[in-house]
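Trainee: Sequence below, structure please.
(one chain, ligands or ions: 1)
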Amino acid sequence: MKKPWGGRFKDKTAKILEEFSESVSFDRRLWKEDIEGSIAHAKMLHKQGIIDDKELNQLIEGLQEISKEIEEGRFVFRTELEDVHMNIERALIDKIGATGAKLHTARSRNDQVATDLRLYLRKEVSEIVELIHALQKTLISLAEKNIDTLMPGYTHMQKAQPVLLGHHLLAYAWMLKRDLERFKESLKRINQCPLGACAIAGSSLPIDREFTARELGFEGVIPNSMDAVSDRDFVLDVLYAGSVVMMHLSRLCEELIIWSTDEFKFIELPDRFTTGSSMMPQKKNPDPAELIRGKTGRVYGNLISLLTTMKALPLAYNRDMQEDKEPVFDTIDTVNLSLRIINEMLPEIKFHREKLESSAEDGFTTATDLAEYLVRKGIPFRLAHEITGKIVLHCIEHGKKLSEMKIKEFKEFSDKIEEDVYNILTASGSIEAKKSYGSTSKQMLIQQIKLLKKTAGL
Ligand code: ARG
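Mentor: Next up, the predicted model:
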């Protein structure tokens, strides 16, 4: 098959090079954006008097027919035509003849591919923004449903202080808020138009870049033609935002995995989102959570992969940049599916309230409250910490909980301890006693939910 650059060549491309350099097997996913971009470009050529009415109609009809063929699975993509752009252009020329050969006037695949990728990412990132928003909503409604459920909070994976389950869950909702901002921020930079930069230096033909940018819904035109075709920072923004959201989801998944173990028994994962073992009949495995955790590594890899590809490329376009597509497609797919899975799975999880609450009572989780109680009675915090530490040691040695200590026993450690100490020694008392902004009291949680709803536009 004759190449578009055939004029300058005597010999045919090596078969092995065709196989090595093709991208159509994966970039065919840009076909819609490619056709959209071509139609806008054709309209611009027409408006500028570069093609006439008849030619414009032919081009648009031809491109629309191709669009239909692809949509219906009737289009044959050929490896020897390298990428999606040349496949569509060749099909157009085969369909409408010489006019088809005018489409590529004042255009290169370099500005074409950058345009397609931006249009594609604009759509995909907008969808991810919606999915993050939906997951925030799910977390908020879970927090509302569990507004009174207590659990132990952990630091160093050791019991720390009692918290409300809703407070714990909303920590993720706030992370997602920032993820959403990161993706939205990337959209601003994605939505700038490179079309008309041509191969590197622009064109001597009277093109109108503002027109095509407007036609395609871009916010602006990239002012430097070399920058327009040579950078992929807008892709890296997405790969980074994708890495961070996956890191957050992975941490949540890690907790779900731990909480569902026989040792913790904080939650029961839904049958619909677990799998069994082919050998051990009793097993119920948290595979989707493990897979999200596992796929996070791949998404990080995609970021590093493109950063590495780009780091030593001289201006402007280099073929290396074709290597941007597989990582970004993979990240988009992985982030999209992971968000959907978690969002569907979360509302079906059963929280074992009694277990969560009894666990919140164990392990001297209210020791800090006792120290703060002593501070309120005028004892300096460091000393209060020391006294409380001694009380905890006493409890461990005598096999009792803080709340099981008699007042007489307490007095041996500090005469400042009175009957009212028992109010803060239970998990619920500890939580109710919290006063500071952003803390885990119910009142604060209600305020937090309101604020989150407001920022999320809910
Ligand atoms: N398939 C190429 C890519 O994805 C399209 C641009 C090719 N440009 C070129 N001058 N060979 O980057």
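
Trainee: Let me see the mean pLDDT of stretch 295-312.
Mentor: Averaged over stretch 295-312, pLDDT sits at 98.

Trainee: quick one: is that stretch near the ligand?
Mentor: No: using Cβ under 6 Å from any ligand atom, stretch 295-312 stays clear of the ligand, coming no nearer than 11.0 Å. The C-beta positions use only the backbone N, C-alpha and C, and glycine is treated the same way.

Trainee: mind listing what's buried in that stretch?
Mentor: Across stretch 295-312, burial judged by 16 or more other Cβ atoms under 10 Å covers 295-296, 299-300, 302-303, 305-306, 309-310.

Trainee: Kindly format the C-alpha coordinates of it as PDB.
Mentor: Provided in PDB are the C-alpha atoms of stretch 295-312 (Å, rounded to 0.1, in the frame of the first residue of the first chain):
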ATOM      1  CA  LYS A 295      -3.500  -1.600  39.800                       C
ATOM      2  CA  THR A 296      -2.300   1.500  41.600                       C
ATOM      3  CA  GLY A 297       1.200   0.400  40.900                       C
ATOM      4  CA  ARG A 298       0.500   0.200  37.200                       C
ATOM      5  CA  VAL A 299      -0.900   3.700  37.200                       C
ATOM      6  CA  TYR A 300       2.200   5.000  38.900                       C
ATOM      7  CA  GLY A 301       4.200   3.200  36.300                       C
ATOM      8  CA  ASN A 302       2.300   5.000  33.500                       C
ATOM      9  CA  LEU A 303       3.300   8.400  35.000                       C
ATOM     10  CA  ILE A 304       7.000   7.400  35.300                       C
ATOM     11  CA  SER A 305       6.900   5.900  31.800                       C
ATOM     12  CA  LEU A 306       5.800   9.100  30.100                       C
ATOM     13  CA  LEU A 307       8.000  11.300  32.200                       C
ATOM     14  CA  THR A 308      10.900   9.200  31.200                       C
ATOM     15  CA  THR A 309       9.900   9.200  27.500                       C
ATOM     16  CA  MET A 310       9.700  13.000  27.500                       C
ATOM     17  CA  LYS A 311      12.700  13.900  29.500                       C
ATOM     18  CA  ALA A 312      15.400  14.200  26.800                       C
END
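
Trainee: Pull the residues that contact that stretch.
Mentor: 232, 235-236, 239-240, 242-243, 246-247, 249-250, 320-321, 323-324, 327-328, 330-331, 334-335, 338 (Cβ atoms under 8 Å, 6 or more residues apart in numbering).

Trainee: can you do 6 Å?
Mentor: Applying Cβ atoms under 6 Å, 6 or more residues apart in numbering, the contact partners of stretch 295-312 are 232, 236, 239-240, 242-243, 246, 250, 320, 323-324, 327, 330-331, 334.

Trainee: Strands along the stretch 201-350 of the chain, start to end?
Mentor: With DSSP state E, counting those that start in this stretch as the criterion, the stretch 201-350 of the chain has strands at 220-221, 267-268, 350-351.

Trainee: Partner strands of the last one and their direction?
Mentor: In other words, strand 350-351. strand 267-268 (antiparallel) (DSSP bridges).

Trainee: Then the first one?
Mentor: With DSSP bridges as the criterion, the sheet partners recorded for strand 220-221 are strand 192-193 (parallel).

Trainee: before we move on, back to that, would you write a ChimeraX line that selects the buried entries of the contacts of stretch 295-312?
Mentor: Of these, the buried ones can be selected in ChimeraX as follows, counting by 16+ other Cβ under 10 Å:
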select :232,236,239,240,242,243,246,250,323,324,327,330,331,334
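
Trainee: Quickly name whichever of the contacts of stretch 295-312 is closest to the ligand.
Mentor: Ranked by distance to the ligand (Cβ to the nearest ligand atom), those are led by Asp324 at 7.2 Å.

Trainee: so that closest one touches Val235, yeah?
Mentor: Yes: counting by Cβ atoms under 6 Å, Asp324 does reach Val235; the two are 5.3 Å apart.

Trainee: Could you list the low-confidence segments of the stretch 1-150 of the chain?
Mentor: Scanning the stretch 1-150 of the chain with the threshold set as pLDDT under 70 gives no residue ranges.

Trainee: and the residue in the stretch 301-450 of the chain positioned nearest to the ligand, how many neighbours?
Mentor: Of all residues in the stretch 301-450 of the chain, Gln322 sits closest to the ligand, at 3.7 Å by Cβ to the nearest ligand atom. Neighbours of Gln322 under the rule other Cβ atoms under 10 Å: 18.
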